[in-house]
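**Student:** need a structure here:
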Amino acid sequence: MLEVNPFDDLIVNEPRRPEPAVSGLNEKPLQALLAQFQRLVEGELPHPQRRLTHAQLVTSIQPGFGKSHLIGRLFKSLHERATLVYVRPFQNPALAFQSLMATVVKEMHFPDRLDTDAWRPSEPTQLDELACGVLAHLLADLIAKNPEGDQTQEKTLRADPVSAFGQGLETDIWGKWMHEHFRSSQPAFEQALMRRKIELNSPEWLRVLFSYAFKYPNEEIRRAALDWIAGQPLSVEQGELLGLRSAELMAAESSAEALNEVSRLRLIDLCRLACFYRPFVFCFDQTEAYGHSEALARTFGMVVATLVNDAGHHLTLVTSNLTPWRDRIQTHFEDADRQRIAHPPLYLNGLTREQGEELIRLRLETTNAQEMLDPMLAEDWLSREFQTTQERRGTRQFLQDCKERWEELAHRPKPQPAKLEQLYEERRLKLLADPKRLLFDADALQWLVKQCAAGLPSFTIYQGTGYFTVGWGTPSTAVLFGFEAGSNWRRWAAIARHAQNRADDNPPLKAILFRDETQPSIPGPAWKVAGEINAAKTECLHLIVLTRDELAALYAGYDLYSEALGGDIPPHTVEHVLGFLQKQFAPWWARLTGAIDPDSRAPEPKPDDEQALANGVRGIVERGKFLSVNEVIAKLGGQVTQDAVLAACRYHVAIRVHVHPNMTVLQWQKL
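**Tutor:** I've put the predicted structure just below:
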């Protein structure tokens, strides 16, 4: 019998990596969601402006009925038909739309792939495809309007915009034409938008999309375009890279309210432009997190209502367990916002006996343990689990029962609930294989210093102002936290001055901001204010550049906390999880309250080495189908670490990571 238990995985942590679906399980809500989506894509591109009248709530009477699994099935069904945005809870009501736009931009800056090689830097991203779709259809409109236009070229442009433009390179005929004539043709493109009755809040969109898609591989330009779309203020120099005038740029010192409003308008515009590409699916999961704060819950209702009222070409899906939704979330919505949620909701039903048997077969097949099929399907055991053929069981509880049955057949003690140490490590290891998560996430980092740190001895945590939204008072120092994602030198100079002034007025004080390894260095190499910012960094401004390993460690705690809020990891409560994490993150509390670290930005990764390791891991797992990480390391020659192997898995969605108490296993699965 396998050392690992095929039924250990009780929770779908990442819906983009779902396990094989059980036939008919929650098929009715899935088909209802697909039918709603279908109304957005009828006919040929570009679509007329369309809008669904309500957001859709999917709920269950208790945790463990498969909400995240349903999201995974929906995402798989809509692959290459929708831009799929999985939205975790925001932490700051004042910046809810900026948080949502940051999530959208991170998603769209990745290619849309669900098979293998899921992350290749040279591959067109979803934002490339949107940009090319918008510009190709507008250009095709101009050709169609010209009596002498080549209708064959019109069809070519509409059929496959990215290929028609040669991925934006000047070596392609249409790519070269766009490079040479975009500026002079811009008024005609804007008129084509007007003829399609597409009104944008920001008239700069076409220039930004052109710069992003047609100036590859200039990362400085692409970063400026991403920051603009996400509602970040740009410097004059960044604006010039995109063809924007200084008068068109937000002020570097813009308030949180102004940033959030710009993000709201950009979101509405982006949904309107989706008529040229694909509709969005916004999936708000783990919404139980809004239940502990009236302000968060009320703002969440407003965000959903804004999407329904003002943004077309999207399906908004909300998941929640019924009791917290009814008693702690929806009750804080404004009446008008509550009306934007479809009623009745879609309910999840749980497993029948026949579906339970299929789930057992699927788990045994994927772990090559078919020899245990008969014992696991023994009539005397299953008849106790299902009193009738129509009785329904929560999927997670049934998997827990299967897990205990497996251990019983192996003559091992009944498994105890997983300890928090084990649950935390499982999430950390799985995060290492997820490229979209290991990036700067203002909400997760704000949770760390606000919710997670709450209750630490001798700590006072308070709401900040301006650039610094969270503050700590400790016996040794005052600490301010900011969460700036952009790279505008004027804004960073203002942040440095503000930190210096606060430190001069209230010593000892330091201000902390986080970055990830992919974000530009602060200060930039050519910044005129570099001296001023560097001086602040030696005295009061602490910039912490987080490695992928550090992000995985911190975000694993955030995920564990979110699952506890949703009742997904009984018997562990939110209080138990926070107590554990406060001890787990003790080195972080010391780092955050201690002396300023020297600038320790990690060396740039070597893409060739990373890709070579990823290819090696893929080949081994694809051949072996189901291998422990140690077996993979041995086949690689034993010169890499477990974390490096798991990080390499982020290139391949077909590799699923199973973390068991005594080993970590990699599985190759068909998608």
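
**Student:** Please count neighbours and contacts with C-alpha atoms only from this point.
**Tutor:** OK.

**Student:** So which residues of the protein form strands?
**Tutor:** All strands of the chain, identified by DSSP state E, fall at 56-60, 83-87, 280-284, 314-321, 346-347, 460-465, 468-473, 478-482, 509-516, 541-546, 626-628, 655-659, 664-668.

**Student:** can I get these in TSV with mean pLDDT?
**Tutor:** Listed next are those as TSV, based on pLDDT from 0 to 100:
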stretch	mean pLDDT
strand 56-60	96
strand 83-87	95
strand 280-284	97
strand 314-321	96
strand 346-347	96
strand 460-465	92
strand 468-473	96
strand 478-482	97
strand 509-516	96
strand 541-546	97
strand 626-628	85
strand 655-659	81
strand 664-668	85
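
**Student:** Turn the ones you listed into a markdown table, columns for distance to residue 220 and mean neighbour count.
**Tutor:** A markdown table is the format used below for the strands of the chain (distance: least, Cα to Cα, whole Å; neighbours: other Cα atoms under 10 Å):
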| stretch | distance to residue 220 | mean neighbour count |
| --- | --- | --- |
| strand 56-60 | 39 | 22 |
| strand 83-87 | 25 | 21 |
| strand 280-284 | 27 | 21 |
| strand 314-321 | 30 | 24 |
| strand 346-347 | 45 | 18 |
| strand 460-465 | 30 | 15 |
| strand 468-473 | 26 | 20 |
| strand 478-482 | 23 | 23 |
| strand 509-516 | 16 | 22 |
| strand 541-546 | 19 | 22 |
| strand 626-628 | 40 | 20 |
| strand 655-659 | 32 | 23 |
| strand 664-668 | 36 | 22 |
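
**Student:** Looking at those, which is nearest to residue 649?
**Tutor:** Comparing those against residue 649 with Cα to Cα, the closest turns out to be strand 655-659 (6.4 Å).

**Student:** what angle sits between that closest one and strand 664-668?
**Tutor:** On the basis of axes from the mean of the first three to the mean of the last three Cα atoms, to 10 degrees, strand 655-659 is oriented at 160 degrees to strand 664-668.

**Student:** check contacts around residue 223.
**Tutor:** By Cα atoms under 8 Å, 6 or more residues apart in numbering, residue 223 lies in contact with nothing.

**Student:** got the contact list for residue 261?
**Tutor:** Residue 261 sits next to residue 97 when contact means Cα under 8 Å, 6+ apart.

**Student:** can you count the residues close to residue 423?
**Tutor:** Residues within reach of residue 423, counting by other Cα atoms under 10 Å, total 18.

**Student:** quick one: pLDDT of it?
**Tutor:** Looking at residue 423, its pLDDT is 94.

**Student:** For the residue nearest to it when sequence neighbours are not counted, give me the pLDDT.
**Tutor:** Spatial nearest neighbour of residue 423, chain neighbours left out: residue 560 (7.5 Å); criterion: Cα to Cα, 6 or more residues apart in numbering. At residue 560, the model reports a pLDDT of 96.

**Student:** Could you dump the strands of the chain into TSV with distance to residue 616 added?
**Tutor:** Listed next are those as TSV, based on distance: least, Cα to Cα, whole Å:
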stretch	distance to residue 616
strand 56-60	40
strand 83-87	29
strand 280-284	34
strand 314-321	38
strand 346-347	43
strand 460-465	47
strand 468-473	44
strand 478-482	40
strand 509-516	27
strand 541-546	27
strand 626-628	14
strand 655-659	13
strand 664-668	13
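
**Student:** Regarding this structure, what is its longest helix?
**Tutor:** Counting residues, the longest helix in the chain under DSSP state H turns out to be helix 173-195.

**Student:** For residue 20, give me its contacts.
**Tutor:** So residue 20 contacts residue 362 (Cα under 8 Å, 6+ apart).

**Student:** Now do it against residue 654, distance only.
**Tutor:** Residue 20 is 12 Å from residue 654, where distance means Cα to Cα, to the nearest Å.

**Student:** picking up where we left off before, quick one, which of the strands of the chain is nearest to residue 338?
**Tutor:** strand 56-60 (11.2 Å).

**Student:** what residues does the closest one touch?
**Tutor:** Applying Cα under 8 Å, 6+ apart, the set of residues contacting strand 56-60 from outside is 29, 67, 315-322, 341-342, 345-349.

**Student:** May I have the strands that pair with it, each with its orientation?
**Tutor:** strand 314-321 (parallel), strand 346-347 (parallel) (DSSP bridges).

**Student:** Which among these is found nearest to residue 546?
**Tutor:** That would be strand 314-321 among those, by Cα to Cα, at 30.9 Å.

**Student:** quick one: the closest one to strand 280-284, angle?
**Tutor:** Per the same axes, to 10 degrees, the angle that strand 314-321 makes with strand 280-284 is 20 degrees.

**Student:** Strand 314-321: how far from the chain's middle?
**Tutor:** The chain centre lies 15 Å from the centre of strand 314-321; the measure is Cα atoms, centre = their mean, to the nearest Å.

**Student:** Report the residue ranges of every domain in the chain.
**Tutor:** Following automatic domain parsing, the chain resolves into domains at 27-82+279-341, 126-274, 358-409, 442-593, 607-668.

**Student:** Over to residue 566: give its phi and psi.
**Tutor:** The phi and psi torsions at residue 566 (degrees, to the nearest 10) take the values phi -80, psi 0.

**Student:** Leaving out the residues flanking it, which one is nearest to it?
**Tutor:** residue 288 (5.6 Å).

**Student:** before we move on, what about residue 657?
**Tutor:** Leaving out its chain neighbours, the residue that sits closest to residue 657 by Cα to Cα, 6+ apart is residue 666, at 4.9 Å.

**Student:** wait, isn't the one you found in contact with residue 631?
**Tutor:** No - Residue 666 sits out of contact with residue 631 when judged by Cα atoms under 8 Å, with a separation of 9.7 Å.

**Student:** just to revisit the earlier point, name the helices or strands packed onto the longest helix of the chain?
**Tutor:** With contacts defined as 3 or more Cα pairs under 8 Å, 6 or more residues apart in numbering; DSSP states H and E, helix 173-195 has these neighbours: helix 126-145, helix 205-214.

**Student:** All the helices of the stretch 501-650 of the chain, residue numbers only.
**Tutor:** Taking DSSP state H, counting those that start in this stretch to define them, one finds helices in the stretch 501-650 of the chain at 530-539, 548-565, 574-584, 586-593, 607-624, 629-636, 642-648.

**Student:** Worst mean pLDDT among the ones you listed?
**Tutor:** Looking at the helices of the stretch 501-650 of the chain, the bottom one is helix 607-624 with a mean of 82.

**Student:** In it, which of the residues would be classed as buried?
**Tutor:** In terms of neighbour count (16 or more other Cα atoms under 10 Å), helix 607-624 has its buried residues at 610, 611, 613, 614, 615, 616, 617, 618, 620, 621, 622.

**Student:** same deal with stretch 42-62?
**Tutor:** Neighbour counts using 16+ other Cα under 10 Å place 46-52, 54-60, 62 of stretch 42-62 among the buried residues.

**Student:** tell me the two of those residues that are most distant?
**Tutor:** Of all pairs in the buried residues of stretch 42-62, the most separated under Cα to Cα is 46 and 62 at 41.6 Å.

**Student:** can you tell which of the strands paired with strand 56-60 is closest to residue 214?
**Tutor:** Closest approach to residue 214 among the strands paired with strand 56-60 is made by strand 314-321 (26.4 Å; Cα to Cα).
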